[in-house]
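Visitor: Got a sequence here, can you build the structure:
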Amino acid sequence: MSEKPARRNEALRESWFAAAYEILGTDGYGGLKLAPLCKKLGVTTGSFYHSFDNWQDFTTALLDTWLLERTVTTVEIAQRAADPVERLTLLAEASSDLLHRTEAAIRVWAGVDDGVGAIQQKVDDGRYHVVHQAMTEIVGPDLAEQFTVWGLSTLIGFEMISAEHSREHLLWSLQRILGDARLLGKK
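Guide: Residues are numbered from 1 along each chain as shown. So this is what the prediction gives:
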């Protein structure tokens, strides 16, 4: 008995994800449905099923891609820097370029869907780990957790108000946190 051939149009998958991120950023997770997604791309639902088996397959792939692209890859890039200040500077710059409204929508979605919540937890854990590790090198183990929570709280809070403020405000805030950490680290 032969297995059903995979119905995947890999070239279109990225387009589906980009459109989904846009919908999440403008309409929230409640707006992410098949019909608006197809309308945004100007395609039929049949096209969707050439790339994904079903809606669950799509949302799983969307969130896995978000985890990989927005967190894992960013953390890997930052960890290439040996200097902890340089590492956090790279992370601050990458953080200011995130799709903040999309991230906020995913965070809200995580509050009502355990599967999404598990992915969100991986994202938060990955970010926490890399920031905490660098902060430990800068301010020492006694203050690393406080600085890490301060930085991540700033990022998460900015996600929730990003529609009204510029990305430069987030970058400025993260740079101030790093500046304070560097001052304490020199003592």
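Visitor: Quick one: distance of the worst-scoring helix or strand of the chain on mean pLDDT to the chain centre.
Guide: Lowest on mean pLDDT, DSSP states H and E among the helices and strands of the chain sits helix 73-79, with a mean of 81. Taking Cα atoms, centre = their mean, to the nearest Å, one finds helix 73-79 lying 13 Å from the centre of the chain it belongs to.
Visitor: Distance check, residue 173 against residue 158.
Guide: Going from residue 173 to residue 158 by Cβ to Cβ, to the nearest Å gives 7 Å. Placement of C-beta: from N, CA and C, glycine included.
Visitor: okay, the two: which has more neighbours?
Guide: residue 158 (22 against 19; other Cβ atoms under 10 Å).
Visitor: Can you list the helices and strands that the helix or strand hosting the more buried one packs against?
Guide: Counting by DSSP states H and E, the element that carries residue 158 is helix 141-161. Applying 3 or more Cβ pairs under 8 Å, 6 or more residues apart in numbering; DSSP states H and E, we find helix 141-161 packed against helix 100-110, helix 114-139, helix 167-186.
Visitor: ok, residues contacting that helix?
Guide: With contact meaning Cβ atoms under 8 Å, 6 or more residues apart in numbering, helix 141-161 is reached by 88, 95, 98, 100-101, 103-104, 107, 124, 127-128, 131-132, 135-136, 138-139, 165, 169-170, 173-174, 177-178, 180-181, 184.
Visitor: swap the cut-off to 6 Å and go again
Guide: 95, 100, 103-104, 131-132, 135-136, 139, 170, 173, 177, 181 (Cβ atoms under 6 Å, 6 or more residues apart in numbering).
Visitor: Could you grab the helix/strand/coil label for residue 53?
Guide: coil (DSSP: H, G, I helix; E, B strand; the rest coil).
Visitor: Let me see the contact set for it.
Guide: Applying Cβ under 6 Å, 6+ apart to residue 53 gives no contacts.
Visitor: What are the phi and psi values at it?
Guide: phi -70, psi -40 (degrees, to the nearest 10).
Visitor: I'd like to know how far it sits from residue 61.
Guide: For residue 53, the distance to residue 61 - Cβ to Cβ - is 10 Å.
Visitor: repeat for residue 39
Guide: Here residue 39 is placed at a distance of 20 Å from residue 61 (Cβ to Cβ).
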